[in-house]
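Asker: All I have is the shape, not the residue letters:
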Ligand code: GLO
Ligand code: MG
């Protein structure tokens, strides 16, 4: 088993934010973008998740040569800080041309813009030394079903994936599914959809998924089962651990803060599958509370990481022989009590019982 320190952690610069929400302005002055890199190591992170324009600002106004030069400059900052870029994601939800989506827009020129941003993102990934393109398909969906031809939209998404695989014969494409927000209904809402696209693509080995806890919860699904599905197909390229309190806007709460047991189960599934042993990152995608004072606010990152480490310990001290005995006896009441008391740090007396109520010795 790996020690907790052998996990590698990443977050994106957007996770250090100014605290604006749709109901009010920034509550903290912006922390200069390029000074954020210096915070990573001391917070316990080594990977940087990037949007294309986190690397190259004002990307639409720049030539390919300017984009490459700017990307190389950021790469040298990363090298100096001892950081690695985890992925680059085209930010296809900000520009005027992506108001109605990128790859699935009804406008041919907007689709062309989305493709060009995708090419630029792959070029940037190559310059900074990342082998992965993340597609969070933010606006690839509809607010009303009649707005787009959904079958055509799915065909267009697959066509774009194939185009990207052809454009670069090494890049991996990691799809980050999310069921809603900013659209009412997003295409590719779950990891099942993403894995289906991977298998349908020209090079299934290079198309994988990135599962965010909150996105699975927003789809009404259990994040650990979603992770298990991807792992069973060897398609879990990365995770965005965070949390979510019920079905509402995407909250990006601190990992384990709302659903402790679900968080335990995510780590239980990741650990059992040896996730991370091929260098996969544990990514966080957490937002600071708007109420938090200070500049920059980073407690949400360090606290989430701390909870991750605590839960790794909980997974490693979890008695799997006991679990097996409870399963054998089909005593899931007993198993649940064991799990709950284990998480609470309560001394456990519970053991599986036979249908007659006798305590099974194997589990004692
Ligand atoms: C939003 C997503 C977003 C992505 C990021 C990388 O809900 O989680 O934060 O992770 O854009 O693609
Ligand atoms: Mg995310």
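Answerer: Yes, it's here. Just so it is clear, the model here is predicted, and its values are computed rather than measured. Ligands and ions are numbered 1, 2, ... in the order given.
Asker: which SSE is the residue in the stretch 101-250 of the chain that ligand 2 sits nearest to in?
Answerer: Scanning the stretch 101-250 of the chain for the residue nearest ligand 2 gives residue 240, at 3.8 Å (criterion: CB to the ion). The C-beta positions use only the backbone N, C-alpha and C, and glycine is treated the same way. Element membership for residue 240, per DSSP states H and E: strand 236-241.
Asker: Kindly report the residues of the stretch 51-200 of the chain close to ligand 1.
Answerer: Counting by CB under 6 Å from any ligand atom, the residues of the stretch 51-200 of the chain close to ligand 1 are 51, 89, 134, 136, 176, 178.
Asker: Please work out which residues outside the longest helix seen in the chain touch it.
Answerer: Ranked by number of residues, the top helix in the chain under DSSP state H is helix 108-128. For helix 108-128, the external contacting residues (CB atoms under 8 Å, 6 or more residues apart in numbering) are 50, 52, 55-56, 59, 64, 67-68, 71-72, 74-75, 78, 85, 87-92, 95, 97-105, 131-133, 156, 160, 163-164, 167-168, 171.
Asker: buried residues in it?
Answerer: 110-111, 113-115, 117-118, 120-128 (16 or more other CB atoms under 10 Å).
Asker: So which residues of the stretch 251-364 of the chain form helices?
Answerer: Secondary structure of the stretch 251-364 of the chain (DSSP state H, counting those that start in this stretch): helices at 260-272, 299-316, 320-328, 332-344.
Asker: How about the contacts made by the residue positioned nearest the centre of the chain?
Answerer: Residue closest to the mean C-alpha point of the chain, counted by CA atoms, centre = their mean, is residue 240 at 2.6 Å. When contacts are counted by CB under 8 Å, 6+ apart, residue 240 is found next to 176, 210-215, 283-285.
Asker: Give me the subset of the residues you listed lying in helices.
Answerer: 213-215.
Asker: Select from the residues you listed the one having the most neighbours.
Answerer: residue 213 (30 neighbours; other CB atoms under 10 Å).
Asker: Please convert the contacts of residue 240 to JSON lines, extending it with pLDDT.
Answerer: Output for the contacts of residue 240, formatted as JSON lines (pLDDT from 0 to 100):
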{"residue": "176", "pLDDT": "99"}
{"residue": "210", "pLDDT": "99"}
{"residue": "211", "pLDDT": "99"}
{"residue": "212", "pLDDT": "99"}
{"residue": "213", "pLDDT": "98"}
{"residue": "214", "pLDDT": "98"}
{"residue": "215", "pLDDT": "98"}
{"residue": "283", "pLDDT": "99"}
{"residue": "284", "pLDDT": "98"}
{"residue": "285", "pLDDT": "98"}
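Asker: What's the local residue count around the closest residue to residue 268 other than its chain neighbours?
Answerer: Among residues not flanking residue 268 along the chain, residue 315 sits closest, at 4.9 Å (CB to CB, 6 or more residues apart in numbering). Other residues lying near residue 315 total 21 when counted by other CB under 10 Å.
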